[in-house]
Structures are given as structure tokens and as C-alpha cells.
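**Q** Here's my sequence, what's the structure:
(chains A and B)
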Protein chains: 2
Amino acid sequence: MAYTLKRLLVGKAKKTAQAIHERLSKKTGLAVFASDALSSTAYATEEILLVLAVAYAAGQANGFNYVVPITFAITIVLIIVAISYRQTIFAYPSGGGAYIVAKENLGTTAGLVAAAALLVDYVLTVSVSISAGVAAITSAAQGTRWEWLDNHRVFLCLMLIGLIALANLRGVRESGALFAGPTYSFLISFLFMVGYGILYYFLHPGIVAQPSPEHLKLAEGYHIQTLSMFLLLGAFANGCVALTGIEAISNGIPAFKQPESKNAAKTLTWMAALLATMFIGTSVMSYLYHVQPHDNETVISQFARLIFTGRMGWFYYVIQATTALILILAANTSFADFPRLASLLARDRFVPRQFATRGDKLVFSNGIIILAIFAGVLVVAFGGDTSRLIPLYAVGVFLSFTLSQLGMVRHWLKAGRAGEKLKVPSGSNKAGESSRNISETIIRKEAAHWKKSIVVNGLGAIATAIVLTVLVLTKFIHGAWIVVVLIPLLVALFRTIHRHYVDVATQLTTEGFQKLRPIHHEVIVPISGIHRGVLKALEYAKAIAPGHVTALYINLDEEATQKLRTKWSEWGEGVELIVIASPYRSLVGPLVRYVDRRLSLNSDKIITIVLPEFIPGKWWHHLLHNQTSLLLKGALLFKPNVVVTSVPYHLKH
Amino acid sequence: MAYTLKRLLVGKAKKTAQAIHERLSKKTGLAVFASDALSSTAYATEEILLVLAVAYAAGQANGFNYVVPITFAITIVLIIVAISYRQTIFAYPSGGGAYIVAKENLGTTAGLVAAAALLVDYVLTVSVSISAGVAAITSAAQGTRWEWLDNHRVFLCLMLIGLIALANLRGVRESGALFAGPTYSFLISFLFMVGYGILYYFLHPGIVAQPSPEHLKLAEGYHIQTLSMFLLLGAFANGCVALTGIEAISNGIPAFKQPESKNAAKTLTWMAALLATMFIGTSVMSYLYHVQPHDNETVISQFARLIFTGRMGWFYYVIQATTALILILAANTSFADFPRLASLLARDRFVPRQFATRGDKLVFSNGIIILAIFAGVLVVAFGGDTSRLIPLYAVGVFLSFTLSQLGMVRHWLKAGRAGEKLKVPSGSNKAGESSRNISETIIRKEAAHWKKSIVVNGLGAIATAIVLTVLVLTKFIHGAWIVVVLIPLLVALFRTIHRHYVDVATQLTTEGFQKLRPIHHEVIVPISGIHRGVLKALEYAKAIAPGHVTALYINLDEEATQKLRTKWSEWGEGVELIVIASPYRSLVGPLVRYVDRRLSLNSDKIITIVLPEFIPGKWWHHLLHNQTSLLLKGALLFKPNVVVTSVPYHLKH
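**A** Numbers count the residues shown, from 1 in each chain, chains lettered A, B, ... in the order given. Next up is the predicted model:
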């Protein structure tokens, strides 16, 4: 029954040989990898405004104006990070995720820190994107008869997470065809909105959003206060969520068509340019139309509602729909990234090995399920509210950025040194010539521009480290402390798990193992009476240890014991019957003590406990029988040199 | 750890030989068996008033006056039932519960119906008594700084149920010492209240309770309506809860000192007299003082508060405390009755046999736990409100009364016929003389008054049948339908369970069983690689089936398979290695199919699957390893002629 349900939910199993590898063009590559990064424009501007609203509420009417310079500052960081990642793409053509780059260049601990940071952030990406997607839907519902949806945001989020998880368990591939539609619809409609919005502003001067002070939404955790450096940094930190997802392309280079690195790098450039345009566009629009963050409606929804009126009214819904869709796609991206990273960690034995197992559909099912559970818990804990989740978000991303860039700096240093060595002529070695030639080519190539490269990645490292510091400082008390505490705990957990696996491998190795001495084997059959199941078990016991079988009966009731003794002479098949008293009516205790006594007689002894067990025809029949054999198995599981075997007697119905 | 927790909660285990049997005098017998019956005076009058309040709310100011005649009508039923039960006590000196009387005289189905009705009512007794006890406490809290307790009634009920269940699991005996205190305190203080109240009325003429119309409480489910026959019957039906528990003595006759039946019958008479006095007293008082049912305070609390003023004020708290205490004792009675009846049913194989097992403390632990769970669920479902539970209550009790009385009618008919036969002289038979003389004495004794007896029990049967009809008719839509539906379902369940047990016994009987043919035994060891655990398993396999062992490897990865083959030549110990392909990466499927193929070769074959399993030192380590062997066991459990054995390899830490 469970099997049927599983097949119904996840579909038919796939053969190992069915794994296909689609190569992506630049256009489809953009669609597949950009949804996470681009979708953050749906909430980044709003998150800046939420902090500025604190100053507005304190009476500073011009507070919101800072949104434009802050957006430009974030864009500068974006450009630096994008250029840095272009270099990573060329240096790690087989995929340079932060875990790999940091581990290879900075050591295992740095790699694990990056991995922990990324895992935390993948979970947050799902929670934040889904919450924002649902906000886009409920915003559109404002003022319609669907307004009540706003009260069920958490439920809607959980539904969507469940659906995405299920789709991924069924094995949705990151196929260009699936992603291209929503991504390009979003891109085109969003860019159109920005263009149309600026035009509309000049055609209808003076049109601004009506402020509704009673619904003014403030950033989570901030007290009402006037503008200060700290507040501006807080707004900047909140806006940095725009950069999340920018690293996606550098993880997926092998998916591009040849030449992979070049295509990936070009796609990254395009993505960064689009992201910057859309982000700046959104912020400028919110400035022009004086939009203020609102409890029940997103900022984008507010100005889209304002400019798309009359005959253009329908386009408002296009904006909301494509926004919701790209946010859902962004969450879906994490459902590919999280299980992939978890499987890399599992292969290196830092997380349970179950994460490296491919399920029926060739996907890493366990990673998908865990991600869905954690994201769901977060959504429930934070009430499905994007702005309450934001303080936790982006810390992990910038930590992994910094470690990855630092790793690249180290990489170029090594390349430089290796280049220096090549200049010193070494003794020629004909045998390894050709393979050495290839690696020499790479080294020479990299060494040629290592100094320039180190400057670029160094700049990236410094910029992201500064942002990381700002993030932690401004968001710490609002929730970032959770991430700051969690990451070292995760790293410690990874290390503990690793130690266990190494330890097990050492204990199980065949190296230095002496051949086993022959076993002294003995069988005990505990019985509760004489029936066909018991007779079958006795027969089996005699087959596996001829001449070394005893039957054991626990005396609970003198009368029943006498009856059994009489019956035994007829049915006992020559097996010795031992009766033990049990004053406390326990079956397990006396048996375990008897086994201990037998074991103490001979150190080479192995005792098999053969349990007669009848298997009822229907599952609920199990409830009608004592589960003594289960208790016995539990009690004997941790006893060395004891094997417990159930001999089933199958009932017909 | 679980063991330590259990010992802490339920205390030290008791030996079977520790079971003691206390004999009760009439005084202590009254204390032990009367709490259930007497405690119902705490709410019976109020339940009548609740229905009459419906007419009062419809404008009939004299509506409440009917409480006195209704109380007298119920008292007449009480007297009839008590006299009938006196006869049962003499006819069934070893304990004549409704289940036994109905089963013996009317057949199994009638017995099961009575049993189902009683089980349902025991659960309700707990819920109703505890709710009423908590109401006595929260009523006393009205107007004090403990008033907030009223908002936590459900929680208080669950706490009390948990405590009583725990006390019973620890093995509280129905000892006279424990019960005498609360029961006699309640009796004395209650009778004093009635006497004092009537005196007070004549000394302070004109004192009445102040009605508070906004807090007037109405019976659950009734619309506001004027007096009608139906309404009066409804009030009568509600008041019949006063009779619940009156059968308790007839179940416990062997607990009395000799002559058991005589002592039990006298105690029953006393109990009925006390019950009638207290019930009539309560109703008369509520009539004299014009007490109306109130949302937050019980009726008894209201007039007790009224009469105990000034220097007698403290006695109000005595009344509330003893009322709460006797109600808790009444619930405790069910914790003895329910498990005892369940164990009788289990011995007759109508409910799972686990209910017949005595736990560590010689109590029927499973019955206690189930009762606590069901009563807790009812309390939560009905918000801990006595009056909402009442429509479900008493139906079961009166159904069991009726069946029990009908059974007695049948019993006297049989006795009469047996008496007739004795008059016909039979051929003398010296051997069986003395034993026949004893049974003849009983038959003659019973036959002497069978006609008178049949009238008494017949009257009882008719009276209780009429009340049962009234109960079902007036309470059906308010909740009694649940019980009406539930009882046949329970009977059907009992029958299904019984059929299963009979069927299993038939299938397992040694009667007609042919000696087994010798077994062809073969062992398969599935391996995932070669390590010490596998080597130990191979050694064991060779010990239990020398020369008939094969190792089985599922090929998931060609490279790993090649490595294994090479290693096998060194470590395989001469065991044949079989490699099977698995295109869907499943381990279980290919193995099961291989086992099926092997089994099909020979019908006498038994295959043992020896699974190498390493047992980690810490429980959480299990999470870090694949649970493949668990899956395998699950898949092979229902396969005949297959035995699955884990050979444990114990890791050190």
C-alpha cells in the first residue's frame, strides 16, 4: 500500500542509465540560473524602505529619499562580486562552489564553514522566496473578493513548498524549456513596467501613492528613531539580499555548451546587468511615486496598481503573476542546490551518507525532504512574513562569498608560485612528458595574469567581507545571531559525523584482521506453549545446530507448566526442556539472565535465540497479540555473541 | 532510561505471590462501593434543573417547582432497581456483573451488549465525575482570587485523570482505609447540610437565591420552550444519572466478610436509602431556596453559600472539598471496574489479550491506560462540562440494568423448571450422591421462591426498560445517538476479534499435525562490501549450513564490483559470490527475486538470509547508516520458508 502511494506521488522509477545531461545555451542558461538572483528584486527595494520607514515614522519626511543612493551603493558591490565570480568561472571550469573553492585553497574548516553557510541560506531562500511569492499573490487580492487569502499566508506557503518538493521528488530537471517561459516573461514585463512607469511619471506629473499611516510597515525589531549612520547601514544591509543567488552560475558551468567557461561568464555578465537595471528601476520608481511599505501590499504591487490603470489595468495582474512565478522558480533552484551540496558533503562523509543516495527518480530525495521540512518550519515560525525572515538571510550568502573570494586569492598566489617554479628548468623525464605538458600549459596560462587576478578577487573579498560585517552588526539582535550561532554548531556536527565514519571504517577494516576461530554454536528456543509455530521453530533449530538445541519455558503459572511438561514428552522431538521461574511475571529478564549464564561458560560461544513467531494475515491482527518477541529482540540486540532469529509461521488469514 | 522512568513513575515491581485479598466489613464496604452512586447527588439535581430552566426561560416562573416530583419519580425507580439487585446478590454470590448474568442466561450477544454498554459508561463515569469534581472546585473559587481557575477546567480535568491513572498503575488497592475517610466525610457533611438547610429555611423565612438571568444555564441542545410532557421526561431522564453506580456492590460480593451475600445486600440497602435521602434533600433545598442553574457555579455551591454564612462560613468549603473528593473517588472506581471487565472479556477472547496481562504492580495496566486516554479525549471534546456529557451518560447503565434484570428473570424461570424436575424421582446413583445433594439443595432453595423472585426482577426489568426508552428518546439528538451507534459497533468488534483468536488457535493446534519432513537448508549472505562484520557473518553462515552458503552482491557501480571480486579471492573463505545487476539502484527488489528463484527449485527448502549488521555504540549513530537491513526484513517478513537473521558486529564506540 505504501508502495502504491509512493508510485502515485512520485511516479515511475528511473534507471541509472536514464540520467541525461542537457547542455544549455546562453539564453536558456540565463533562464535556469538567474531566477534566484533576479527574483530578489521583488523584495530588495521594499526591505530598504522598511528600515527608512523607521525614520519617516519619527517625523523625517525625506527619509525615503535615501533609497536611491543606497541602491546605487549595493549595485557597486554587485558589480565587484560579479567581476570576481567571472574569474572563478575560468579557474574552476568544472564548477567552483564556495565549498569546493574554500576547501581546496583554505582548508577543510573553511570549506565546512562555507558549506554550512550555504545550506542555511538555501533553506532561507526557499522560505523568503515563497513568502514573497505569496505576498505578491495576496497583494493582488487586496480589494477583491479574494482578500481573505491574506489571513492564510502560512498555509499557502506550506502548500507551495509541498508542491515544489513533490515536483522535485518526481524528478523535474532544471530544463531550459521549463524555466525560459517564466523567467523571460518576468524579465520582459518587469522591464516594461520600469520603462512605462518612468514615461507615465512625466506624462502625469504629480501622481503619487496615497500614504496610509495606519498601515505603515516598519522593519522587524527597529525602534522608531531618526536617521543615523547605523540606520542607513541597516537599510543597506537589508537591500543586500538583492545579491543572493548571483553565485548560481559558477556552480553550474558544466551545464553550458562549449566553450563552457566563456558562455557561463557571458551569461553572468548579462545577469548582473539585468539585475542592476531592475533593482535600480524599482528603487527609482518607489522614489518617484513616494511609495511607502504597507502591511498588506508589496511596494511593487502599489506602484504597479498606480500606473496600470484604465485600459492598461490588466497589466497589473501580469506583473503580479510573473513576480509570483519567478519567486517560486527561485525557491525551486534551492531544491536543486541544497541536495547537490548535501550529497557532496555526504560523499566526503560530513553528513549522513543517506544524502548521497539517489532515489527512484535519480534525485537526492533525502536532501529534498529535509529542505522542505526546514523551510516549512521557518515559514511557520516567522508567520510567512518576508520581512521577518530577512534579518537571518544573506549573512550565509556573504560569508560564503567572502570565503570563496579569499580562496581564489590563495589560488592565484599558488598559481603565481607554481609559475615561478616552471621558470627554473628541471631534469627532463620522458615518460611523464605529455601529461606534464597539459598541466604546464594551465599553470603557465594562470601564472600569466595572477597578479591582476589577485587584485580582482582581493577586491571582491574585501568588499564582501565589509558587507558581511555590516550585515552581522546591523542585523545581529534582529535575528542574524541565530545564523551566527548555527553555523559553528553545524561545522561541529559535520566534524563529529566525520569522526564517526572514519572510526567505523577503522574498526571494520580487513587490514590486520586475523582469521576467525571456529564457532561453538548453541540454540535456545523460548516457547510459550506447544503449537505448530513452535514445532516448526524446533525443526529449524535442529537443522542449524544439530544436537545443541534447548527449549526454554518461563513458568508463570504452576498448572500451565505441568500441562506443558506432559505435552512435551509427546511433541518435544527429543529436545531438552528447561523451565525457569519468574516471580515478577517478566519474560525478558529471566531469559536474558539464562543466556548470560550460558555465554559465560565458553568465550568462543555464539548463541542463536530461535523465536517461534506467527505472522497474521492482516496487519491489524498484530495488535491482538503480545509483542513479546519484539521486546526480546530489543533486550538482546546489544549483547555480543547473541544472534536472534524469528522463524515465521504464516497464518492463512 | 525508559526503564528508570517507569520505575520512578509506577514504583517497584510486585511478585505474583504478593496479591492480597482484603475482606470488607459492611461499613468499609459501603465506603468502597458507594462513592460512585452517592457522588452523583453532586450533579443529579442540577441536571434536572437545567432542563426545567428551558421552561423558565420561556417565561414560566413556576417551571423549577417540578424538580421535587421528578426527584420522587426517580427515587421510585431507584427503589425498584435496588430491590432487584438484592436478588442478584443472593443468586450470584461470586459476583454478578451484567456481563456475566446476561451472558449466562441470555446468550453471548446479550452479554457482549451489556459489556459494551458498561465499558462506554465507565469511560463516561470518569469524564463526568472528574468534570463535576472540577466544577465543585471552580465554584468555590468564584469571587476569590482563584476565579481564573474556571478558564482552565479542561486542563485541571486532564491533570486529575492523569494522577488517578498513575495512582492505579502504582497499584492503589480498593482499601477500606483509603475510601472510608472521604466517603464518610462527604456523607456526614452532606446530611448535615440538608438538615441545617431545612432548619435555616424556617428560621430565616424569605431568604432565596438571587437569580442572575444573564448567567442562567440551559440544558445542552434544548431550545427555549414551554413545559410539555416531553420536557418533563427530558428532566426525568437527566436526573436518572443519580442511579449510576448502584450496581457496583453486586460486582464485588466476594470482597465482603462472611456471610458475603447477606452483608452485601444489607450494604446495598443502606446505600440506596442514603442515596435517596441525599438526592431528595438536594432537590428540596434547591426548591426551597429557588436556586437556578448558573454558568460558573454549581447548584449545591449556590445554596451552600447561601446558608453557611457568618460563623458557619467555613462549612461551605467543607461541602465543596468533600464533594470534589468523593467525585474523584467515583472516577477512581471506574479505574478498577473498567480494567476488570476488560480482563474478563480478554480471557473470553473478545478484546486483545493484552488486557488480561497483569503489569509490574499486579494491576491490569493496559486497561487503566486506555480508560485514561478515552476519558481524557471525552473531556477535551466536551470542554470539561458535565452538562454537555450528560446526554451520553446513563444510557449504557440502564441498558446493562435492563439486560441484567432480564437475565435474572430467565434465571428464575430455569430455576423453577429445575425444581419441577426434582419432584420427579430419578434412578438413584450412589457415586454422585453427595455432590448432587449440594446442587439439589441450591436448586430446591431457589425453586422455593422462584415465582416471587421472577416478579421482583421482572418489575425491575420493566422499570429500567421504560427508563432506557425515555433516555434514548429524549436524549437521542443531544448526544445519546453516539452511544446507540457505538454499542453495536463495539459488539461487532468484539465478535471479529473473537473470530480471529479462534481461527489462530485452529491453525496452530497440534491436533492432526503431521511430523515435519527434514528441512533442506540454504544460506544467502547479502553483502555491500568486505569488512569485519561481513567476515563474521560468513563464519556464522558456514556454521549453520556447512557447504550451503552463497554470498550475494548487488552491482550498482561496475568499478566497485571489480574491486570486490578481486578482494573476494583473498577473503571469501571459499564461499561462492553471486553478483546481480540492479538498473533501478534498488537493493531489495533484485534480492527478493533471487530468493524467489532459489525457493522455486525445491518445495522443502528453507532459506536463511544472514545479514551482516554492525551495531554502533551510540543510538544516534544509527541515523548515520543506511537502514537497508530494516527494509530487507520488511520485504521478506511475509515470505513463507524464509528466515532473516542479523549477525551483529558490535562497534566499540
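**Q** so which residue of the stretch 351-500 of chain A comes closest to chain B?
**A** residue A:352 (4.8 Å; C-beta to the nearest C-beta). Where you see a C-beta, it was placed from the backbone N, CA and C, and this is true even at glycine.
**Q** Quick one: residues contacting that residue.
**A** Contact analysis of residue A:352 by C-beta atoms under 8 Å, 6 or more residues apart in numbering or on different chains lists A:346, A:497, B:623, B:624, B:625.
**Q** from these, which single one is nearest residue B:292?
**A** residue B:623 (62.0 Å; C-beta to C-beta).
**Q** So that closest one, which state does it fall into?
**A** For residue B:623, the secondary structure call by DSSP: H, G, I helix; E, B strand; the rest coil comes out as helix.
**Q** And it, how far from chain A?
**A** 6 Å (C-beta to the nearest C-beta, to the nearest Å).
**Q** How about that residue: what's its closest non-neighbour residue?
**A** The spatial neighbour of residue B:623 that comes closest, neighbours along the chain excluded (C-beta to C-beta, 6 or more residues apart in numbering or on different chains), is residue A:352 at 6.0 Å.
**Q** hang on, the earlier thing: out of the contacts of residue A:352, which end up buried?
**A** Among those, those classed as buried by 16 or more other C-beta atoms under 10 Å in any protein chain shown are A:346, A:497, B:624, B:625.
**Q** OK, contacts around the first one?
**A** When you say that, I think you mean residue A:346. Contact partners of residue A:346, counting by C-beta under 8 Å, 6+ apart, are A:352, A:353, A:354, A:355, A:356.
**Q** Try it again at 6 Å.
**A** A:353, A:355, A:356 (C-beta atoms under 6 Å, 6 or more residues apart in numbering or on different chains).
**Q** Would you tell me what helix or strand it is located in?
**A** Using DSSP states H and E, the element containing residue A:346 is helix A:313-347.
**Q** which parts of that helix are buried?
**A** By neighbour count on 16+ other C-beta under 10 Å, the buried set for helix A:313-347 is A:315-316, A:318-346.
**Q** again, but for stretch A:107-119
**A** A:108, A:110, A:111, A:112, A:113, A:114, A:115, A:116, A:117, A:118, A:119.
**Q** Sort out for me which of those residues are in helices.
**A** A:108, A:110, A:111, A:112, A:113, A:114, A:115, A:116, A:117, A:118, A:119 (DSSP state H).
**Q** right, and the third one touches residue A:99 too?
**A** Yes: in this structure residue A:111 lies within contact range of residue A:99 using C-beta atoms under 6 Å: 5.2 Å.
**Q** re earlier: from residue A:496, how far out is the residue of the stretch 351-500 of chain A closest to chain B?
**A** Distance of residue A:352 to residue A:496, given as C-beta to C-beta, to the nearest Å: 12 Å.
**Q** How about the spatially most central residue of chain A: what's its closest non-neighbour residue?
**A** Residue closest to the average C-alpha location in chain A (C-alpha atoms, centre = their mean): residue A:338, at 3.5 Å. Setting aside the residues directly before and after it, residue A:338 is nearest to residue A:122 in space (C-beta to C-beta, 6+ apart), at 4.1 Å.
**Q** Give me the number of neighbouring residues for the one you found.
**A** Neighbours of residue A:122 under the rule other C-beta atoms under 10 Å in any protein chain shown: 27.
**Q** show me what contacts it?
**A** A:334, A:337, A:338.
**Q** Neighbours of the closest residue to residue A:317 other than its chain neighbours, how many?
**A** Nearest residue to residue A:317, sequence neighbours excluded (C-beta to C-beta, 6+ apart): residue A:140, at 6.3 Å. Using other C-beta under 10 Å, residue A:140 has 23 neighbouring residues.
**Q** pretty sure residue A:140 contacts residue A:320?
**A** Yes: under the contact definition of C-beta under 6 Å, residue A:140 touches residue A:320, with a separation of 4.1 Å.
**Q** Okay, now the unreliable bits of the stretch 51-200 of chain A?
**A** Where the stretch 51-200 of chain A drops to pLDDT under 70, the residues are A:172-176.
**Q** possible to save the contacts of residue A:352 as TSV with distance to residue A:180 and pLDDT?
**A** Listed next are the contacts of residue A:352 as TSV, based on distance: C-beta to C-beta, whole Å; pLDDT from 0 to 100:
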residue	distance to residue A:180	pLDDT
A:346	32	92
A:497	40	92
B:623	40	75
B:624	41	74
B:625	42	76
